[in-house]
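**Q** what follows is a protein structure lacking sequence information:
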Ligand code: IVH
């Protein structure tokens, strides 16, 4: 095998192995960033040698061209559903029916599994390679979601064969789901991007898997546990337990909670125990599944019309109940988002008394037409905040009116602002008391003014003691203010004053970012710095047209900025900062575009210029400087003694320049 092919194969094997350790053994051996590095190496080699790309390469998980519609796949064997047992009595009836069907009084062995709340899929492997995947659909025919399923890292693209050989044809069924954590992050991102949040992890998983653009699916935190067979050619299994072990050997994630139970007593104990632990599990579970373990016994029992006689779903208590909505209160978070909260007649939902539920935003209130006085269906799902699912319209009292969130911030009375296309309304007032702590934490953070040692605890103390009300108050703090705080040593107080003093020397970009204007992140701040050449007065009095004329600034950002400056408190805060000594380093003007879009990494002991100067020179000519070498790096400038970065550049085939060569480039 030529060297390059060997290298590619070795990278693929390593990546597959790390995936297996992570998803199946739950025992990762490397960090996420080390994994990313290996992944990028493979990506680069495959880019350079497209003829060596294979369909089961880990790089093939990034998503393919969007589809116009999904094709359909008819399942070789129908994907059945499960009958439900609503309580312990019905579970007992099931066990008795099984015994009767098997004509025995002996205890029957079951495999007890958590019933995950996601969506069922079928994965087909031919000669050990993942070839097709589909959703359950109506049980007979499902949607061909092969490309989307490929993006789920937990799904092996080829079977591991080190423990047992691959079956010529293997159909595996399982549940695609989203962890509670993944769901939370996804919804935070949705809100950040002004999109509607998903109602629950199940909807989020289904919505993510059923995307026509698999590149979107690739960005969603989906996972899978496998639990059943479709058709298998080749090996056969005497028990379900053996089959689950084979799945693990082949590299499929199997839920570690699955347990063998030997009789009804153990079945019932499993059911109770899992229901108790429901909230602690990292994913949502809506019950258990008990499956007869022996394949011979399964065959003897057979199936009813849509569900097997050998399995049952043990349901958990409802997490949805109805109650009365007493009031709707707008609440404001640390980031200025105004969220309507439903005040409820206290009600027990799945063992917890609920008095508040989120209504998310005005669009959600309108969509569900939620009104004060309504009877509403409330849902609590795991750790997720309780929410109002829908209104029971039949129970609506007379004379109710549609609800509108107030136009003023509930904490400070300033006008709230909802950028076009965004779901969330926000208060942009820099001195809003509900946001003070969040704003100050942002103001002092690393990418902003970088005031070292100004942690969350200090912010809490300063705000609680009324020493700081708005960000400019930081620059008014005295030694006496600081030493008056609990557990503040004299030396620490002095240190803090020194770093605050030093932070006054900053850049326009850092300062603008520090203000926390919605949609103005670190990058846009730099763009604005260049456009306004560091002139803050000009920036304050700018118009939406001027802003929109800047490359990279769109109408939403422009509107947010002009709205921000239309609040005179915000102008006042900035002027106060300046009068208290905040100064911007002069901005280096753009000298040429010769390095436009090029990324440089400077490494080693530079002798002609400092690292900071190098960065400024690169930026002055339209380039940018980065701290680490990746496939995105265009050039590495290496001084004497350069080590690992130089080595990496050579591995990735990135051109390496001397300092002189770099200077020649820009002269
Ligand atoms: S077995 C023949 N096992 O429940 C049995 N299903 O109501 C068919 N589900 O469509 C499925 N966890 O989406 C099985 N451990 C588990 C499950 C499970 C969740 C879902 C699956 C299926 C539905 C059946």
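**A** Structure's in. What do you need? What you are looking at is a predicted structure, and each value in this text was computed from that prediction instead of being measured.
**Q** what is the burial count for residue 321?
**A** 16 (other C-beta atoms under 10 Å). All C-beta atoms are positioned from the backbone trio N, CA, C, and that covers glycine.
**Q** would you agree it is in contact with residue 349?
**A** Yes: shown here, residue 321 and residue 349 form a contact pair, counting by C-beta atoms under 8 Å, at 5.3 Å.
**Q** spit out the residues that contact those two alike.
**A** residue 378 (C-beta atoms under 8 Å, 6 or more residues apart in numbering).
**Q** pLDDT at residue 619, what is it?
**A** Reading off the confidence values, residue 619 has pLDDT 81.
**Q** gap between it and the ligand?
**A** 53 Å (C-beta to the nearest ligand atom, to the nearest Å).
**Q** so what's the residue count around that residue?
**A** Residue 619 has 19 nearby residues by other C-beta under 10 Å.
**Q** just say helix, strand or coil for it.
**A** helix (DSSP: H, G, I helix; E, B strand; the rest coil).
**Q** if I look at it, how far off is residue 85?
**A** From residue 619 over to residue 85 the distance is 66 Å, taken as C-beta to C-beta, to the nearest Å.
**Q** starting at the chain centroid, how far to stretch 301-317?
**A** 35 Å (C-alpha atoms, centre = their mean, to the nearest Å).
**Q** pull out the buried positions in it.
**A** 301, 307, 308, 309, 310, 311, 312, 313, 314, 315, 316 (16 or more other C-beta atoms under 10 Å).
**Q** and the contacts of that stretch?
**A** Under C-beta under 8 Å, 6+ apart, the answer for stretch 301-317 is 80-87, 91, 94, 97-98, 101-102, 115, 139, 267, 271, 275, 278, 285-292, 297-298, 350-351.
**Q** in the stretch 401-550 of the chain, which residue sits nearest the ligand?
**A** residue 423 (30.1 Å; C-beta to the nearest ligand atom).
**Q** for that residue, which non-adjacent residue is spatially closest?
**A** residue 361 (4.7 Å; C-beta to C-beta, 6 or more residues apart in numbering).
**Q** pLDDT wise, what is that neighbour at?
**A** Model confidence at residue 361 (pLDDT) stands at 92.
**Q** how about residue 381?
**A** 60.
**Q** heads up, I number from 304, so please use that
**A** OK, 304 is where the count begins now, so the last one is residue 684.
**Q** so how far is residue 324 from residue 853?
**A** For residue 853 relative to residue 324 (C-beta to C-beta), the value is 47 Å.
**Q** scratch that, residue 927 is what I was asking about
**A** If you go by C-beta to C-beta, the gap between residue 927 and residue 324 works out to 36 Å.
**Q** what strand or helix carries whichever residue of the stretch 404-553 of the chain sits closest to the ligand?
**A** Taking C-beta to the nearest ligand atom, the ligand has its nearest neighbour within the stretch 404-553 of the chain at residue 423, 3.3 Å off. In this structure, residue 423 sits in strand 422-429 according to DSSP states H and E.
**Q** and residue 905, how close does it get to residue 916?
**A** 10 Å.
**Q** residues in contact with the residue of the stretch 404-553 of the chain closest to the ligand?
**A** Here residue 423 is in contact with 382, 438, 439, 476, 477, 478, 479 (criterion: C-beta under 8 Å, 6+ apart).
**Q** still on that earlier bit, can you list the buried residues in the strand holding residue 423?
**A** Within strand 422-429, judged by 16+ other C-beta under 10 Å, the buried ones are 422, 423, 424, 425, 426, 427, 428.
**Q** now tabulate those residues in JSON lines and tack on pLDDT.
**A** Putting the buried residues of strand 422-429 into JSON lines (pLDDT from 0 to 100) gives the following:
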{"residue": "422", "pLDDT": "95"}
{"residue": "423", "pLDDT": "96"}
{"residue": "424", "pLDDT": "97"}
{"residue": "425", "pLDDT": "98"}
{"residue": "426", "pLDDT": "98"}
{"residue": "427", "pLDDT": "98"}
{"residue": "428", "pLDDT": "97"}
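**Q** for those, which one is nearest residue 534?
**A** residue 427 (8.8 Å; C-beta to C-beta).
**Q** now the residue nearest to the closest one when sequence neighbours are not counted: which helix or strand?
**A** Nearest non-adjacent residue to residue 427, counting by C-beta to C-beta, 6+ apart: residue 435, 4.4 Å away. In this assignment (DSSP H and E), residue 435 forms part of strand 432-438.
**Q** residues near the residue lying closest to residue 927 once chain neighbours are set aside, how many?
**A** The shortest distance from residue 927 to any non-neighbouring residue, by C-beta to C-beta, 6+ apart, is to residue 902 (5.5 Å). By the criterion of other C-beta under 10 Å, residue 902 has 18 neighbours.
**Q** how about residue 958?
**A** For residue 958, using other C-beta under 10 Å, the count is 11.
**Q** contact partners for it?
**A** 937, 938, 939, 952.
**Q** next, format those as JSON lines and append secondary structure, pLDDT and distance to the ligand.
**A** Formatted as JSON lines, those follow (DSSP: H, G, I helix; E, B strand; the rest coil; pLDDT from 0 to 100; distance: C-beta to the nearest ligand atom, whole Å):
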{"residue": "937", "secondary structure": "coil", "pLDDT": "94", "distance to the ligand": "48"}
{"residue": "938", "secondary structure": "strand", "pLDDT": "95", "distance to the ligand": "52"}
{"residue": "939", "secondary structure": "strand", "pLDDT": "94", "distance to the ligand": "50"}
{"residue": "952", "secondary structure": "helix", "pLDDT": "92", "distance to the ligand": "48"}
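**Q** how far off centre is stretch 588-596?
**A** 29 Å.
**Q** which residues touch that stretch?
**A** So stretch 588-596 is contacted by 385, 387, 394, 397, 401, 411-420, 530, 542-544, 563-564, 570, 573-574, 577, 581, 601, 604, 613-619 (C-beta under 8 Å, 6+ apart).
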